[in-house]
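1. take a look and give me a structure for this.
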Amino acid sequence: MNQMSPPDLVSESLADGVLTLTLGGGKAHPLSLGMIAALHRSIHRAAEDTSVRVVVIHGPGPIFCAGHDLKEIARHREDGDKGRAYLEQLFNSCGAMMKAVTLCPKPTIAAVEGVATAGGLQLVAACDLSFASDASRYCLPGVNNGGFCTTPAVAVARVIGRKQVMEMALSGEMFDADWARGAGLINRSMLVEELLPFVNDFAARLATRHQPAIAAGKQTLYRQLEMPLELAYVHATSVMIDHFMDPERIEREPKR
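-> Below is the predicted model:
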């Protein structure tokens, strides 16, 4: 699966069951329509490829991902509808890609070296796990430009508390790795030179786990969070029983 999505937007590298998607296409790795489509294709292929067991999304350098391409948006202001049709395509495509990241049957991990802002932060939040450098920073800057980071907040609000996401969205300020870790936006932070070795080791160990249980368990965890407590236990219990009745699991169990 070693390839580059033209025009050099997302490179793919597969080793030991871990597919690393490296964002390219410029220093800021903006979420242009091309970048969104390339990421969505890669996630879709990963979901169906049995050789892929874990997906890592890595935005190298000082900017993990700077959100939507404001220059691309500005070009469409010359359209007859002031860019409305383009914006509908952009945000619908982005939402579909983000859902694919979250609902992918394979665990998804964000490796964040630098700044994740707006849609870039949405991408971090959409992943199951996020590991970052201690120099990483996070921002929902929409209010600074006369708007509001409404769609990025969908993903962010599902991983941090209401007060924290409101602080981010209403202030438009930059938040450091310590704040992000305390808020639950990232799992761990470390020196930038330690980040990729840690992520690669973590992902390789995760790739050795029983994949049917991982896929069903991940899907169930997200689904039950949206349910009332009683229904959540009913649903999770049914899936848990299926885990224990899996023939491969039974085969692995110690004999009496």
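
2. all contacts plus neighbour counts: C-alpha atoms, from now on.
-> Fine.

3. mind showing which ranges of this protein have poor pLDDT?
-> Scanning the chain with the threshold set as pLDDT under 70 gives 1-7, 25-26, 256.

4. where along it do the helices fall?
-> Taking DSSP state H as the criterion, the chain carries its helices at 33-48, 70-75, 84-103, 119-126, 150-156, 162-171, 177-183, 192-206, 211-225, 229-245, 247-252.

5. got the contact list for the fourth one?
-> Helix 119-126 is touched from outside by 30-31, 64-68, 98-99, 101-102, 110, 112, 116, 130, 138-140, 151-156, 158-159, 185, with contacts defined as Cα atoms under 8 Å, 6 or more residues apart in numbering.

6. ok, and what's touching stretch 15-29?
-> 7-14, 35, 42, 46, 51-61, 63-67, 200, 203-204, 207.

7. which of these fall within strands?
-> Among the contacts of stretch 15-29, the subset assigned to strands under DSSP state E consists of 10-14, 54-59, 63-65.

8. buried subset of those, written for ChimeraX?
-> The buried subset of these, as determined by 16 or more other Cα atoms under 10 Å, is captured in ChimeraX by this line:
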select :10,11,12,14,54,55,56,57,58,59,63,64,65
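
9. got CSV for the ones in strands among the contacts of stretch 15-29, with distance to Arg181 too?
-> Converted to CSV, the ones in strands among the contacts of stretch 15-29 look like this (distance: Cα to Cα, whole Å):
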residue, distance to Arg181
Val10, 27
Ser11, 28
Glu12, 28
Ser13, 28
Leu14, 28
Val54, 22
Val55, 21
Val56, 19
Ile57, 18
His58, 18
Gly59, 19
Ile63, 18
Phe64, 17
Cys65, 18
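
10. relative to Ile73, which of the ones in strands among the contacts of stretch 15-29 is nearest.
-> Cys65 (16.4 Å; Cα to Cα).

11. who's that closest one bridged to?
-> For Cys65, the beta-bridge partners are Ala116 (DSSP bridges).

12. tell me the contacts of it?
-> Here Cys65 is in contact with Ala28, His29, Pro30, Leu31, Gly59, Val115, Ala116, Thr117, Gly119, Gly120, Leu121 (criterion: Cα under 8 Å, 6+ apart).

13. can I get those residues in TSV with distance to Gly147?
-> Listed next are the contacts of Cys65 as TSV, based on distance: Cα to Cα, whole Å:
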residue	distance to Gly147
Ala28	21
His29	21
Pro30	18
Leu31	18
Gly59	25
Val115	20
Ala116	18
Thr117	14
Gly119	14
Gly120	17
Leu121	16
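
14. in ChimeraX, how would I select the buried members of those?
-> Buried subset of those, written as a ChimeraX selection, criterion 16+ other Cα under 10 Å:
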select :28,29,30,31,59,115,116,117,119,120,121
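
15. quick check: the farthest pair among the contacts of Cys65?
-> Leu31 and Val115 (13.8 Å).

16. mutual contacts of those two, please.
-> Common contact partners of Leu31 and Val115 (Cα under 8 Å, 6+ apart): Cys65, Ala66.

17. number of residues surrounding the residue lying closest to Leu225 once chain neighbours are set aside?
-> Among residues not flanking Leu225 along the chain, Ala232 sits closest, at 7.2 Å (Cα to Cα, 6 or more residues apart in numbering). Counted by other Cα atoms under 10 Å, the residues lying close to Ala232 total 16.

18. same question for Lys255.
-> Quick note: Lys255 (other Cα under 10 Å) scores 6 neighbours.

19. run through the residues that contact it.
-> Contacts of Lys255 by Cα under 8 Å, 6+ apart: none found.

20. is it possible to get a markdown table of the helices of the chain that adds distance to Val18?
-> Compiled in a markdown table, those are given as follows (distance: least, Cα to Cα, whole Å):
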| stretch | distance to Val18 |
| --- | --- |
| helix 33-48 | 10 |
| helix 70-75 | 32 |
| helix 84-103 | 15 |
| helix 119-126 | 18 |
| helix 150-156 | 24 |
| helix 162-171 | 31 |
| helix 177-183 | 24 |
| helix 192-206 | 6 |
| helix 211-225 | 13 |
| helix 229-245 | 23 |
| helix 247-252 | 22 |
